[in-house]
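Asker: sequence plus the predicted model coming up.
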Amino acid sequence: MITLKSSREIEMMDHSGALLADVHHHLRTFIKPGITSWDIEEYVRKFIEEHGGIAAQIGFEGYKYATCCSINDEICHGFPRKEKLKNGDLVKVDMCIDLKGAMSDSCWAYVVGNSTPEIDHLMEVTRKSMYLGIDQAVVGNRIGDIGHAIQTYVESENLSVVRDFIGHGIGPSIHESPAVPHYGEAGKGLRLREGMVITVEPMVNTGTWRMKVDENGWTARTLDGGLCCQYEHTIAITKNGPQILTSQGDQ
């Protein structure tokens with residue numbers, strides 16, 4: 001079921017998204033060589049709770065953590081753990097916040113210490129592809145327009161778009177209809193309507209888009225061991241164009 005939000009509901013989700021963006025801004029200086037993804041987990045959980053929010057991923061479909069911390073070849077749903085992060089690691093931190101009943105969902109990518117040209121290119125393309133998709137999220141367009149814009153650009157840069165995990169509607173639950181693939185044909189799929197709130201969250205790989213899942217049943221990683229990057233925003237479809245609810249000045 002697709003839930004169309006009122007302007008009041010979108011405003012509340014915008015407050016939730018601002019808190020989420022604030023967490024990400026603080027992680028930019030927190031993440032460094034020698035810390036662990038478990039340190040990130042504890043930092044995020046404490047930050048959210050101290051600011052009146054709820055880490056909404058905890059308990060969702062049995063997931064146990066406030067964050068998904070996916071490192072290097074991990075595509076998504078990486079469990080926080082106690083191995084130290086090292087220079088050059090690519091870490092994607094995905095989280096959801098419930099603030100007074102309003103949901104927000106966002107993932108940012110971080111390089112631990114010094115980057116490389118390969119990582120810089122991957123991050124730049126992934127982030128730009130997200131915004132190209134968001135640009136298509138206007139009243140009257142179709143879901144396929146979002147995916148087509150992302151896929152066309154990513155593949156022109158000799159990278160690949162993950163097919164197995166996609167964007168989604170959000171609010172009042174974390175995941176609801178519609179499904180928002182990051183690939184597809186322009187002019188195809190569900191027509192976008194004012195009041196929809198969705199996520200656009202491309203996961204982009206240096207090699208094949210195909211993936212495998214670890215024995216924990218959650219963590220997905222690239223089939224060929226290549227790097228994966230992800231960026232994600234929650235956006236509202238409005239009569240004035242897409243409204244990003246999780247930006248707060250972005251990065």
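Answerer: Noted; the coordinates are in hand. All values reported here derive from a predicted model rather than from experimental measurement.
Asker: from Thr199, how far out is the residue most central in space within the chain?
Answerer: In the chain, the centroid-proximal residue (C-alpha atoms, centre = their mean) is Glu232; its distance is 2.9 Å. Glu232 sits 6 Å away from Thr199, going by C-beta to C-beta, to the nearest Å. (Glycine included, C-beta is placed from N, CA and C.)
Asker: so what sits against both of those two?
Answerer: Common neighbours of Glu232 and Thr199, using C-beta atoms under 8 Å, 6 or more residues apart in numbering, are Asp105, Gly167.
Asker: poorly predicted segments of the stretch 151-251 of the chain, please.
Answerer: 248-251 (pLDDT under 70).
Asker: quick one, helices of it?
Answerer: Remark: no helices are assigned in the stretch 151-251 of the chain by DSSP state H, counting those that start in this stretch.
Asker: swap in the stretch 1-150 of the chain?
Answerer: Along the stretch 1-150 of the chain, counting by DSSP H, counting those that start in this stretch, helices occupy 7-30, 37-50, 117-135, 143-156.
Asker: adding distance to Cys96 and mean neighbour count, write those helices out as TSV.
Answerer: Compiled in TSV, the helices of the stretch 1-150 of the chain are given as follows (distance: least, C-beta to C-beta, whole Å; neighbours: other C-beta atoms under 10 Å):
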stretch	distance to Cys96	mean neighbour count
helix 7-30	8	18
helix 37-50	10	18
helix 117-135	17	18
helix 143-156	20	22
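Asker: what distance do you get for the closest residue to His51 other than its chain neighbours to Gln136?
Answerer: The shortest distance from His51 to any non-neighbouring residue, by C-beta to C-beta, 6 or more residues apart in numbering, is to Leu19 (5.6 Å). Going from Leu19 to Gln136 by C-beta to C-beta gives 27 Å.
Asker: same deal with Ser160?
Answerer: 20 Å.
Asker: before we move on, what about Glu185?
Answerer: Distance of Glu185 to Gln136, computed by C-beta to C-beta: 12 Å.
Asker: which residues are in contact with each of these two?
Answerer: Listed as contacting both Glu185 and Gln136 by C-beta under 8 Å, 6+ apart are His148.
Asker: between the two, who's got more neighbours?
Answerer: Gln136 (20 against 12; other C-beta atoms under 10 Å).
Asker: I'd say that one and Asp145 touch.
Answerer: Yes. Taking contacts as C-beta atoms under 8 Å, Gln136 lies within contact range of Asp145: 4.2 Å.
Asker: now do the contacts for the residue nearest to Leu159 when sequence neighbours are not counted.
Answerer: With sequence-adjacent residues excluded and distances taken as C-beta to C-beta, 6+ apart, Leu159 is closest to Val204, at 5.2 Å. Val204 makes contacts with Leu122, Val125, Thr126, Ser129, Val154, Leu159, Ser160, Val161, Val162, Cys228, Cys229, Gln230, as judged by C-beta under 8 Å, 6+ apart.
Asker: understood, closing this out.
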